[in-house]
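Asks: please work out how this folds:
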Amino acid sequence: MVSREKYNKSFDVNNTDTDVMQNQAAKNDNENPLDIGTRLTLWTDNTSKEAMDKQDVSDIAAKNISNTNTSTHSTNDDNGKSIAVTIEANNFPSHQQQQRHLLIENIDTISLLSAHEQAVLERYARKVDLRIITCCALGYTLCLIDRVNIGSAKISGLEKDLKLTDTTYSIALSVFYVGYLVMQVWSNMILKIIGPSIWLPSLGIAFGAVSMSIAATKNAAGLIAARTFLGVFEAGLYPGCIYLISFWYPRQLMGLRITYFLIIASFLAMFSGPLAAGLSSIPNKDKTTGLSGWQWIFIIEGLVTVIWGIGALFVIKDYPDKAKTFDHEERQVIGKIMKIERNLASETKLNRKGIAIGLKDWKTWVWGAMVFCMLCSLNTNGIFGPALINSMGHKAALAQVLTIIPSLCGVLTMVLAMYLPKLIK
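Replies: I've put the predicted structure just below:
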């Protein structure tokens, strides 16, 4: 016989509060079942290796809940230990698909692992933090710097040498986002075809080279063209990094890792002002190279980005099983938990109805407005901050250094936001 340690959770999908995800005791069979709801039953089967060879439960096909009342997903390791996830839907109406998806997405897959396996997972996560998060954060830092360094270059001689007017300068700033918006979807499609390990470093090399090329521009037209291509190549880096992270971490660990990724990138990017101040202090029209200080800003910062891209080709791998830094036990544990999550993800495929529900939800628009305000303030500091401070009578170098203050406030706020939920609890 197969011994099972059943772990039952019942959720009332009518309750949209966070309490909906709390564990509830298994209900007695004599009690009335939920009129509208879902019961998620997760168990561990201790079966023999021979039994698993006869019927590999990892190959059980996912059933579509929208057409049937039950779907089962299972996986097993080399020791014959099987983890099964059974989802039973009771009279689940189609207009509540988003609640059903929420239930599935919030299954704590890590709790299905033994204490030893969870320790192995922590060891694995530390290695990935050092490899993937650090590499992606450095790349995104350089992406942010190359995007806004035009603000420091402006007060270092760019506007004068290229004879820019307020209109042409504004156009040069705006066209970046045209290329950025157009290429975001296409860049992600290419990433899925050739893989993050090739596409992300290639993007870094490309927009680093474009940033360097700005130093060679002679007029407004050249600057506008370069900024357009800069937006095209930078468009895919951030979503590509998030996509890559999703391959390396279970869902329960992803949120904190994305926070690490953003905090590290924001912290390092705030030093772009002092860096630009140092580069722009190179004597104007240096006797050796004939380059102005603003040209050195683009050359050095673009060159560092290209170097990162070349290095990332050797660091970034598409999947954990492609990396040689993990031992067999770590590969086994992460392979098990990621397989469970892939099976669960098959139950939450995106469709037109789901998109329509999301667009009708007022929280979507509030979130969009919040992101819009955040990006406006972020880009204002990087692009217009140096010029605004310079217009107050401060020297260009000091104006570039002072931009670190609002950036530091932003980083501290991010750290506070990361720990605030824990403090409230």
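Asks: check which element follows the top helix by length along the chain along the chain.
Replies: The longest helix of the chain (DSSP state H) is helix 166-194. For helix 166-194, the following helix or strand on the C-terminal side (DSSP states H and E) is helix 196-213.
Asks: just checking, Leu164 touches Ala172?
Replies: Yes - taking Cβ atoms under 8 Å as the definition, Leu164 is a contact partner of Ala172 at 7.5 Å. Backbone N, C-alpha and C define where each C-beta goes, glycine included.
Asks: higher neighbour count, those two?
Replies: Ala172 (25 against 18; other Cβ atoms under 10 Å).
Asks: please verify my assumption that that one contacts Ile224.
Replies: Yes - at 5.0 Å, Ala172 and Ile224 qualify as touching, with contact defined as Cβ under 8 Å.
Asks: need the overlap of contacts for Leu164 and Ala172.
Replies: Common neighbours of Leu164 and Ala172, counting by Cβ atoms under 8 Å, 6 or more residues apart in numbering, are Ala220, Leu223.
Asks: out of everything not next to it in sequence, what's closest to the most centrally placed residue in the chain?
Replies: The centre of the chain sits closest to Ile242, judged by Cα atoms, centre = their mean, with a distance of 2.5 Å. Spatial nearest neighbour of Ile242, chain neighbours left out: Ile258 (6.6 Å); criterion: Cβ to Cβ, 6 or more residues apart in numbering.
Asks: other SSEs contacting the strand or helix carrying the one you found?
Replies: According to DSSP H and E, Ile258 maps onto helix 251-269. Judged by 3 or more Cβ pairs under 8 Å, 6 or more residues apart in numbering; DSSP states H and E, helix 251-269 is in contact with helix 134-153, helix 237-248, helix 404-424.
Asks: may I see the buried residues of the first one?
Replies: Of the residues in helix 134-153, those buried under the neighbour-count criterion (16 or more other Cβ atoms under 10 Å) are 135-153.
Asks: which residues of the chain score low on pLDDT?
Replies: Counting by pLDDT under 70, the chain shows low-confidence ranges at 1-108, 283-289, 343-351, 425.
Asks: pop the domain breakdown of it in here.
Replies: Domain ranges of the chain: 4-107, 117-318+350-424, per automatic domain parsing.
Asks: okay if I get those as a markdown table plus distance to Ile337?
Replies: Shown next, in a markdown table, are the domains of the chain (distance: least, Cβ to Cβ, whole Å):
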| stretch | distance to Ile337 |
| --- | --- |
| domain 4-107 | 9 |
| domain 117-318+350-424 | 5 |
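Asks: among those domains, which is the most enclosed?
Replies: Stretch with highest mean neighbour count among the domains of the chain: domain 117-318+350-424 (a mean of 18; mean count of other Cβ atoms under 10 Å).
Asks: show me how far it is from its chain's centre.
Replies: How far domain 117-318+350-424 lies from its chain's middle: 13 Å, per Cα atoms, centre = their mean, to the nearest Å.
Asks: next, the distance between the ends of that domain.
Replies: With Cα to Cα, to the nearest Å as the measure, domain 117-318+350-424 spans 30 Å from end to end.
Asks: stretch 262-277 now?
Replies: Stretch 262-277 has an end-to-end distance of 24 Å (Cα to Cα).
Asks: so what's Met270 up against?
Replies: By Cβ under 8 Å, 6+ apart, the residues touching Met270 are Thr403, Ile404, Ser407, Leu408, Gly410, Val411.
Asks: could you verify my assumption that the fifth one touches Ser266?
Replies: This means Gly410. Yes - Gly410 is within contact range of Ser266, at 6.3 Å (criterion: Cβ under 8 Å).
Asks: right, and Phe267 touches Val415 too?
Replies: No - Phe267 is beyond contact range of Val415, at 9.1 Å (criterion: Cβ under 8 Å).
Asks: from Asn379, how far out is the nearest residue to Gly293 once chain neighbours are set aside?
Replies: Nearest residue to Gly293 in three dimensions, chain neighbours excluded: Ser280, at 3.6 Å (Cβ to Cβ, 6+ apart). Between Ser280 and Asn379 the distance is 20 Å, computed by Cβ to Cβ, to the nearest Å.
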